[in-house]
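S.K.: Predicted coordinates and the sequence they were generated for:
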Amino acid sequence: MREPLVEVENLKKYFPIVKGVFSKTVGYVKAVDDVSFTIRKGETLGLVGESGCGKSTLGRTILRLLDKTAGKVFFQGQDLYSYKKEQLRKLRPKLQIIFQDPYSSLNPRMTVENIIGEALLDHGLVPKNEVRDKVLEAIQACGLASYHSKRYPHEFSGGQRQRIGIARALILNPEFIVADEPVSALDVSIQSQIINMLGDLQQQHGFSYLFISHDLSVVKHISHRVGVMYVGSLVEMATKEELYSHPAHPYTKALLSAVPIPDPAVKRQRILLHGDTPNPSNPPPGCKFHTRCAYVTPRCKEEVPAYREIAKDHFVACHVI
Amino acid sequence: MEAKVEVRVQSNPACKQEQAVSPGRLVWNRLRKNKLAVSGLVILLAIAVVSVAGPWCSPYTMESMDFSSRLTGPSGAHLLGTDHLGRDVFTRLMYAGRISLTIGIVAVLIEVIIGGGLGAVAGFYGGKVDGLIMRVVDIFLCLPFLPLLIVLGAILSDFKVSPQYRIYMVMLILGLVAWPVICRVVRGQILSLREQEFMQATEAVGLKDRRKIFHHLLPNTFPAIIVAATLGIGSAILTESALSFLGLGVMPPTASWGNMIQVVNDLYSIQHYSWLWIPPGVCILLTVMAINLFGDGLRDALDPKLKK
Amino acid sequence: MAENLVEFKNVKTYFFTEEGTVKAVDDVSFTIQKGQTLGVVGESGCGKSVAAMSLLRLIPNPPGQIIDGQIVFEGKNVLDLSEEEMRSIRGNDISVIFQEPMTSLNPVFTIGEQIGEVLILHQNMSPAAATQKAVEILKLVGIPRAEEIVNCYPHELSGGMRQRAMIAMAVACNPKLLIADEPTTALDVTIQAQILDLMRGLKEQLNSAIMLITHDLGVIAEMADYVVVMYCGKVVEAAPVRELFAQPLHPYTTGLLESKPAIHQDTERLYSIPGQVPNPLNLPADCHFSPRCGKACAKCQEQEPPLITVSENHRVACWLYGEGNIS
Amino acid sequence: GCGGSQTTKTVQQKGDLSSKLTEVMQAEQPEKNPDLAKSRKDTLIIGVNTPDGVLNPLYADSDYDNRINTVIFDYLLGKDPQGQPVPGVAEKWEVSADGLEYTFHLRKNAAFHDGSPVTAEDVAFSYYILSDSSYDGPADVFSYFIKGCKAYHDGKATTIEGIQIIDPYTIKFVLEKPNASVIYSFTEYFSPILSKAYYGKDYKQGNTEGIKKLHRAPMGSGPYKFVQYKEGIETILTANESYWRGKPKIKNVIYKATNENTRIQMLSSGEIDLDEVTVNARNVAQLKSAGFLTIQMHPTNGYGYIAMNIANPMFSDRKVRQALAYGLNRKQVVDAVYEGYADVSNEPESKVGWAFNPDVNPYEYNLEKAARMLDEAGWIKGADGIREKDGRKFIIHFTASSPNPVNDALIPVAKQNYEQLGIQFVPEQMEFNGVVRKQKSGEAEMFFMAWGLNTDPDSTTIFKTRGTQNYLHYSNAKVDALLEKGLATTNLAERKQVYQELYKELNEDLPYIFMYQRRDMYPINARVKGISISPYRNFTYDLWQAELL
Amino acid sequence: MRQYIIRRVLQMIPVLFGVSIILYTLFTMAPGDVVTNMVQSNPKMSIEKQEQLRHLYHLDEPQIVQYGYWALGAIQGDFGDSYKYKQPVGKVMNSYIWNSFYLGLASLVAAVLCAIPIGVLSATRQYSGFDYFFTVVAMVGISIPSFFMTMLLIKWLAIDLPIFPVGGMITTGSSATGFAKFIDVIYHMALPFFVLTFMEVAMFMRYTRTSMLEVIRQDYIRTARAKGLGEKVVIYKHAMKNALIPIITLLGISLPVLFAGAIITETIFSWPGIGPVTLLAVNNRDYPLLMGINMLLAVLTLVGNLLADVAYALADPRIRLK
Ligand SMILES: Nc1ncnc2c1ncn2[C@@H]1O[C@H](COP(=O)(O)OP(=O)(O)OP(=O)(O)O)[C@@H](O)[C@H]1O
Ligand SMILES: Nc1ncnc2c1ncn2[C@@H]1O[C@H](COP(=O)(O)OP(=O)(O)OP(=O)(O)O)[C@@H](O)[C@H]1O
Ligand SMILES: [Mg+2]
Ligand SMILES: [Mg+2]
């Protein structure tokens, strides 16, 4: 197995809820609540979970785009949160992110060339006169034509914009990329282009991905290992083969069974969950999933299940297993 | 394995030749289709041209008096008649136009510099700085507008302001009083821009603060600033005219539309010397309206919601 | 053979914008039979919603206009009906569930008021009775504590609940046709499963037809009986669901089916349809898919392919098939 | 080159008006009187600029308040049309030979509106208030030089030594030094007779709060009693049936708040019967056209002037000042503004004042003469056409208050005239207070302003070296001596000589460029009879005897 | 909610403090003071007298001390006596402010009543002749200087066609009471009322139109139509209720305007409101009165904003005040 690149230890990110006359904090949205995992070099870790379960927050906290509440994040063995501001800025090119929304993630008043090239300039990574060549190279690598470089984002379709976003990350030669739902805003016929591209780039450059998505089939396609999040916590993590063939957590099972299969010939028994996802500012005690779980036991309502390894590389947080 | 990124670039020759359409161009295209905005622009340009170029074509100057023809009505010699000192009203109207337009523009520039700067600082740094600036804005917004202007106008008199520069001080005052509006607009914009993913992206690629502010934040606040500024010109002109009407703005013999009207202060003159006050009134109305129409159109053209 | 409930005959709905004409729905024909679930798939902007709104005659005018064709509902061409008659159909015979449950509910009225309004309007119920009925319907769509929820404002509910409320509003008058315009796109998979399940159940219970608009082929496979595939305002293929998935004919359909990674099988590499959807403005009279099509030839770039019938229920618009077969 | 033909003619027609105390233009068509006015049988409505509502003459700061106060309150002495004292509440008075003691004998039938008699106590009371340390009204009692006022003010005495109550109807004022002008103060607003019983209830030395509370409930002994004050709208008075001069003939008097925009229309519609209107050709024409308005006009008791900072080397030379007077077309300015209803003036006295000196230099507009005088004074034109002397350019910074119609006309004319003379004229306009401030700080080089005059011609504060209002450092030994002499002389004929000499000197030395004396105009509805107005006596003095037809 | 209001009220304190400092500084910075003014009408006032008066009013002290006197009194609810009116400031204001309020309220109510239907119709018929016409009318209303409009009205309706009086509030000496007095006041109010209404109507109209245009683009309007509701119900029930919520803000902002008095309009029409009093107070350097009036307006501005926010929250179920 390859060496670990990013190690996350007991990471927590709480957003304070402020109220009252003197802006007192009355509670927290526990967007990320005690999450630990490792991403190895050249590996893609898929992260699935329902909307609002904290995936993006996790991704951003790992990159220190948001401040953590507790825990540690190691990048190449160094605690990312120990860096000074300027040091961190220098390190940034190694850690990149691709955003979910290809519309709001590009500055509408800058040309594509500037969007992609400005970080090179600002970091002085290449001489000024070579920036343009570099940009054109990256643009082409992402499947756009060089004449696109002078245009503004609004002249592009969603898929093309997402490529610009990828080129922006790619040009800095990163080692680790957080892909925060990079295809969920795109049309079906474009999604696969982007997914393929991400896969190809990984093979070419050896990137490691944290691939965030709520689409289990997409995650399955691209990831080596997959983690499942529920209301701020990881409930299960395993290699994709293991997870999709032997899901252990009841929530993972329900999730997998709920994915509609584009084949009318296949009819399956679906596990229907009842009720809605709990509010992350006021999660249920014990196992957060117990309110919707079919196998709930009295213990589930009181005790937080430990996150443990039930098979090699297969972690689950559930009392029932 | 050397995997090639397999994406067929859509080769559309028509596309290639097309010049890149900048966001500004896009706005202009949209604006052009707004009849009211275009007529506003045309009126405004017409007034500006006549005000700037007109006085050179006039046989009179702003101050040339002719006591033999005082208070004569419109005629061939004096298109809009003469005032109580025998000065040509039309010529004065054009000079006043220069003043009013300059005042509007300069006042707004000041507004934008102060308001935009503080708004940007407040929005970008947030926290205590933001709290402080916003309190100051609150305070300013609580200050009563007209009394304040009157007092400021009076204080002006006390500074050793050379009379030629007095109108610049009037501009400064108007700007000083109105900046909080722009400050709020800019701050609001920056706060929402900060949440945009492209600003997160600038952090992610590790740009320096300076670049974040000047290349990303400020340019994106321009549309809002431009709209606020356009409408601000109109209100600055209105305010100046009100001040001049109260005798505190631009001082005679320098003509401003407001002080030209102010000369007419009794019923008899209102009734019988309408050429003295109706033309400057109409000028203010037309100019401000043209600016407002244009500004309104601009806002619509810049409104992303209308893009669909 | 089942009765036709709705029949689209060569419907053309265009938007005349300042930039140019958008042929949002261009010569579209298909039918929905009683009790059937018709799936409509296609990418964003291909005209799915406009087609559905044309049926309800809710195209914003200007800029939109239904310029040609017939839409027959229960034997009557809805395009000929008076506004009054049309109104009695909307919400009563045909109702809609929209994609965005948050923005599609009026934020300043309670759920009860919004459901009750339909009942008062179409069933002449008294306000009190309408509220009573609203509670019943909310229970029917599986909302717990319906008595409380009926007095809640939309923002107080979660996404899934709101979508249920939308459904409740739609089924309040036992409509003959339920148009579901991407009813689950904004929802999570587990909630999506709940909603789809609910719709299936209701359809059985009320015996109504459903026009299900989505871009998720998985949803189509699960729900639909018959599928219409649209691309750039045109129907490119229409077939019973099994046939379509088993034997897709149009290259676009094929591409669509292949490009979706399937959860139960592994592919090394996904198929992807190259290129982009063309700009909907002023489209030329060619096969709109030809720039992206691997099998395109000269003819495709010159002439629009007609929608031809290849087997009893299977129609396709592509020069590869039928008499004009070019291969 | 300018100077209108038409305007000049009209001016001349009206020229001689100024020599008379009052000019009356009788209503030509009294029958046109509107029903609105005619139907008002027992009520007179007087238009007045919105008063402040300080209905106590001791405290009122506004002339308009005093137009109300004067009919509610009484004074020791009355005035004749020339402004000379005549018996009032005091039926007779004596002045001691040294001019230090003034003894007044009150009539016994004068009574306050509450029926109590007016006594010497009440007369004295006002002076106690005026001298009180907490008094914050505008009157300056110390300028009368009454003995002991200062001590009372500073708390060193509990009574005022110089005010002696001989008996309930006799009071004596003792002065520290002779003051010829003090007699007029007994006719003026600041020495009203206040009921001590009414106003003095809560009064203690050093605390006048109680009096201030009564500003909206005035009670005097005048011809009219206060009824109601409606802020910004009107003040209602009713006749004092037991007024000592006799019962007023008009039962009700209402003072209606008016302004420049409204008063002419209200006069023409009959809504008000009397008001003061700014005089100019337009207004006169309009008032005349109504037909039923009698117009009374008289020279304003005051004059407009251009002041110069005498300490400034530009103006320290008398010759230069004279040149500036010759070089300014004052008539043009005055005519432009007042359209014939003001005359260029050449001395600080009203044309109808008893001390007026008709024989002074008129400084007729004469550019050549002005230029010559400037040359003589050493101000020679430089290369740029601007005169200079000792390396100093002749540039005048003119401070002008705005809005002000005189400045609006004066500035362009002066600019033109002086530029022809080779003097650069830089006007700077500002709010009125700004001008006052610059004037006081001595910063102002030149400015236009107007003075109001009193009945007494004394102008010590203005022209005497280091006079309190002499901000521009004017100093002339001869003037100083004459001013002192004027105050010390009680004989009217002698005094007249002193002042005429003074005016001659001021006209020659020209501390001010005197500008104009304008007119005051009072249109009065023809149905009102018995009111005659003079520069020294406004309509309020006749109100008790006025009648409605 | 109550917490929120308390917090907002507490936040007002520093703002008001700041406002009072700035106002006091500015007012006292202006050249001259009340005594200079008195001297002007009484040229013979001696320097000693002037100094005495300044001393009585504390005008001879440094600005900061003067402010201290004022602030100390103000905290105890004593705003001092107006120099000019020689009355407690509160009393002076009380006697003028209501006249301004009546005028302001009448025109505000009229403006809102006219503006809302016109704005709604303009929005529903966007780009129609009706819309263009009223857009232009509104633009005129927003762009016309109040004094110019006042003069035009005086010329047309008070001089050329003498229908209305040129100023004042009641017919002089009229002893009418009750309804007759009311009619008399209305008659005098007509022109200033029209000026203010016209300018306000324009603003509210634009606002309503914009807000309405925004709302009718929303998905829930489409939903309402899809339910089969008639166009009237869609517009006047579903759209209006949403569109009018932002108008609440505008109403909140108008609270101080009601009491501020339209300085120019009131002055020209000699309406006995607070506007001319303010103008005079500035000219007379009547600091206590100026401070009183302007602090009241500052308080009203803040209260108006708060009221607007609270009303907004009540009207819009989505808003939860924090
Ligand atoms: N800046 C913030 N302040 C307060 N709460 C926040 C903030 N950002 C996110 N949250 C909350 O944290 C939780 C997790 O949000 P996050 O965006 O990480 O979810 P997600 O899994 O990415 O959802 P989605 O799939 O919708 O993107 C949510 O409840 C959200 O409301
Ligand atoms: N009001 C409108 N004005 C102008 N064009 C419109 C309007 N409404 C729709 N269109 C155009 O009609 C076309 C079809 O739109 P439609 O909403 O039917 O797409 P859709 O298939 O439902 O897409 P989505 O999956 O995004 O909902 C699009 O190109 C769109 O731009
Ligand atoms: Mg997310
Ligand atoms: Mg759609």
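M.R.: The structure has been received and is ready for your questions. Remember, it's a predicted structure, so these values are computed and weren't measured experimentally. Ligands and ions are numbered 1, 2, ... in the order given.
S.K.: Every contact and neighbour count from this point should use C-alpha atoms.
M.R.: Will do.
S.K.: Please verify my assumption that residue D:386 contacts residue D:424.
M.R.: Yes. Counting by CA atoms under 8 Å, residue D:386 does reach residue D:424; the two are 6.8 Å apart.
S.K.: Which neighbours do those two have in common?
M.R.: residue D:394 (CA atoms under 8 Å, 6 or more residues apart in numbering or on different chains).
S.K.: What's the per-residue pLDDT of the closest residue to residue D:118 other than its chain neighbours here?
M.R.: Leaving aside its sequence neighbours, residue D:118 sits nearest to residue D:111 (CA to CA, 6 or more residues apart in numbering or on different chains; 5.1 Å). pLDDT recorded at residue D:111 is 92.
S.K.: Name the secondary structure element that contains residue D:398.
M.R.: Assigned by DSSP states H and E, residue D:398 belongs to strand D:395-401.
S.K.: Quick one: list the elements packing against that strand.
M.R.: Packed against strand D:395-401 by the contact rule (3 or more CA pairs under 8 Å, 6 or more residues apart in numbering or on different chains; DSSP states H and E) you find strand D:424-430, helix D:432-441, strand D:446-452.
S.K.: and among these, the most buried is which?
M.R.: Among the helices and strands packed on strand D:395-401, ranked by average contacts under mean count of other CA atoms under 10 Å in any protein chain shown, first place goes to strand D:424-430 (a mean of 23).
S.K.: strand partners of it, parallel vs antiparallel please.
M.R.: strand D:395-401 (parallel) (DSSP bridges).
S.K.: tell me which residues in the helix or strand following the partner strand are buried?
M.R.: Toward the C-terminal end, the helix or strand that comes next after strand D:395-401 (DSSP H and E) is helix D:405-421. Neighbour-count burial for helix D:405-421, counted by 16 or more other CA atoms under 10 Å in any protein chain shown, picks out D:406-419, D:421.
S.K.: Tell me how far the closest residue to ligand 1 within the stretch 301-450 of chain D lies from chain A.
M.R.: With CA to the nearest ligand atom as the measure, residue D:431 is the residue of the stretch 301-450 of chain D nearest to ligand 1, at 53.6 Å. To chain A, residue D:431 is 46 Å away according to CA to the nearest CA, to the nearest Å.
S.K.: For that residue, which residues are in contact?
M.R.: Applying CA under 8 Å, 6+ apart, we find residue D:431 in contact with B:153, B:154, B:157, B:247, B:248, D:401, D:402, D:403.
S.K.: hang on, the earlier thing: if you compare the directions of the strand holding residue D:398 and strand D:446-452, what angle comes out?
M.R.: If you take axes from the mean of the first three to the mean of the last three CA atoms, to 10 degrees, strand D:395-401 sits at 40 degrees to strand D:446-452.
S.K.: pLDDT added to the contacts of residue D:431, as TSV?
M.R.: Below are the contacts of residue D:431 laid out as TSV (pLDDT from 0 to 100):
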residue	pLDDT
B:153	72
B:154	71
B:157	62
B:247	74
B:248	74
D:401	81
D:402	73
D:403	74
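S.K.: Which of the residues you listed are buried, as a ChimeraX select command?
M.R.: Listed next is the ChimeraX selection for buried residues among the contacts of residue D:431, using 16+ other CA under 10 Å:
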select /B:153,154,157,247,248 /D:401,402,403
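S.K.: So which of the contacts of residue D:431 is the closest to residue C:258?
M.R.: residue B:153 (75.2 Å; CA to CA).
S.K.: Correct me if wrong: the closest one contacts residue B:249.
M.R.: Yes. Using CA under 8 Å, residue B:153 is in contact with residue B:249, at 6.8 Å.
S.K.: Give me the common contacts of the two.
M.R.: residue B:170.
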